[in-house]
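*Asks:* my questions are about this predicted structure, shown below with the sequence.
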Amino acid sequence: MHLIGDAININICLAVSTISSTPLIAIMSNESRTQLAYAAGAKHVVALQETLGEQLVNWVCAGPTPTEFLKLIDVDVSPDTIKRLKPSIIHIGSSSELIEKSLGEVKIRIVTGATVAAIWNSDGTITTPSAHTALKESSLIVLGPDKNVEKLACFIGGPGSGEHVVLVGAGRVGQQAGKRLNQAGINPHVIDILEKPLSFNGKLIVGDATLPQTLHQARIEEADTLIVTLNSDSLNIFTVLSSRQLNPNLNVIVRAIHADTVDRLCEAGANHVLSEAILGSQLLQVAMVEMGVLPKFSDYVN
């Protein structure tokens, strides 16, 4: 089941589990409700918004994405080696200088020491890479020791850890993004329309992020990175446009609620856009592989 609403998903799990033994996969918006979905009969539960918050920050910092993403690909690596190699996803945005260059031309392994195990394309398909594979806007599933993964993230994913990060939105996605930033040693300036407690270390500015006066309070002119996590594509677009006017050099990372707004967010000035719909589809693929519903290297692999 995809994201409809946590309460509706739980009710569907209860209804189906009472009349059928069909394995149920539930995507929940709130991580705190995952146990309720399991209790209602789901066999696999994914917390979408928490995962989204982490992956938004992975465009700024070299951080591991959950190891289960490797379950989609047939990588001949032992579990002990995987623990040492830090499986990660590193994103390539549409404005990257590496777009259309081949892996052989970029020489990722030689330059960074990390290995590209697979490429997760923006449409949700997976490509097994070769030296001739051209890089496009996508996500690289990589293996390597911590320092090599961090080097690759800085080489491909952007400037690396930002010294001054502005985080817009303190909802579930923003809270998870803030925790992930803290793990990387970054305490962001946070803008939210409401005063609310933060579950991480950061400075909260209460106000409308689409207005210059609010952005000035967050010192947007001095920022190197902007992460926008609002639950509205229109507000996200306006926030990107307003921020770009005040600081044209920002590295801008944005959440997209609907896949069809990705292009508009890029046109507004976003360097990287993560679609909630596409991420949900990818997480479903992982869950179905783990449950044996889909085999590795099925029709969704190119």
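*Replies:* Done, it's in.
*Asks:* and the end-to-end length of stretch 112-130?
*Replies:* 17 Å (Cα to Cα, to the nearest Å).
*Asks:* which parts of it are buried?
*Replies:* 112, 114, 115, 116, 117, 118, 119, 120, 122, 124, 126, 129 (16 or more other Cβ atoms under 10 Å). For the C-beta atoms, the positions are set from N, CA and C on the backbone; glycine is no exception.
*Asks:* can you tell me which of the residues you listed are in helices?
*Replies:* residue 112 (DSSP state H).
*Asks:* which of the buried residues of stretch 112-130 sit farthest apart?
*Replies:* Using Cβ to Cβ, the two most remote members of those are 112 and 124, lying 25.8 Å apart.
*Asks:* before we move on, the earlier item: and of the buried residues of stretch 112-130, the nearest to residue 206?
*Replies:* residue 122 (34.9 Å).
*Asks:* low pLDDT regions in the stretch 201-302 of the chain?
*Replies:* 281-282, 284-302 (pLDDT under 70).
*Asks:* show me where it has helices.
*Replies:* Assigned by DSSP state H, counting those that start in this stretch, the helices in the stretch 201-302 of the chain fall at 212-217, 233-246, 262-268, 276-290.
*Asks:* want to throw those helices into a markdown table with mean neighbour count?
*Replies:* Shown next, in a markdown table, are those (neighbours: other Cβ atoms under 10 Å):
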| stretch | mean neighbour count |
| --- | --- |
| helix 212-217 | 16 |
| helix 233-246 | 20 |
| helix 262-268 | 18 |
| helix 276-290 | 20 |
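*Asks:* residue closest to the middle of the chain?
*Replies:* residue 55 (2.4 Å; Cα atoms, centre = their mean).
*Asks:* got a list of what it touches?
*Replies:* Residue 55 is in contact with 65, 89, 91, 274, 279, counting by Cβ atoms under 8 Å, 6 or more residues apart in numbering.
*Asks:* residue 277 is in contact with residue 255, isn't it?
*Replies:* No. Counting by Cβ atoms under 8 Å, residue 277 stays clear of residue 255, with 11.1 Å between them.
*Asks:* quick one: low-confidence residue ranges for the stretch 51-200 of the chain.
*Replies:* For the stretch 51-200 of the chain, the ranges with pLDDT under 70 are 58-86, 93-95, 122-124, 157-162.
*Asks:* show me where it has its strands.
*Replies:* 88-92, 115-121, 126-127, 138-143, 165-168, 189-192 (DSSP state E, counting those that start in this stretch).
*Asks:* where do the helices sit along the stretch 51-200 of the chain?
*Replies:* Applying DSSP H, counting those that start in this stretch to the stretch 51-200 of the chain gives helices spanning 79-85, 103-106, 108-112, 146-156, 172-183.
*Asks:* pull the distance from the longest one to the chain's centre.
*Replies:* Chain-centre distance of helix 172-183: 12 Å, with Cα atoms, centre = their mean, to the nearest Å.
*Asks:* if we can go back for a sec, gap between the residue nearest to the centre of the chain and residue 243?
*Replies:* As for residue 55, its distance to residue 243 is 21 Å (criterion: Cβ to Cβ, to the nearest Å).
*Asks:* residue 186 too?
*Replies:* 18 Å.
*Asks:* before we move on, the earlier item: for residue 20, which of the helices of the stretch 201-302 of the chain is the nearest?
*Replies:* Ranking the helices of the stretch 201-302 of the chain by distance to residue 20, with Cβ to Cβ as the measure, places helix 276-290 first at 17.0 Å.
*Asks:* quick one, what contacts the closest residue to residue 217 other than its chain neighbours?
*Replies:* Leaving aside its chain neighbours, residue 217 sits nearest to residue 205 (4.7 Å; criterion: Cβ to Cβ, 6 or more residues apart in numbering). Each residue near residue 205 by Cβ under 8 Å, 6+ apart is listed here: 189, 190, 191, 192, 214, 217, 218.
*Asks:* next one: residue 113
*Replies:* 144, 145, 147, 148, 151.
*Asks:* now the two most distant members of the residues you listed.
*Replies:* Distance extremes for the contacts of residue 113: the farthest pair is 145 and 151 at 9.7 Å, using Cβ to Cβ.
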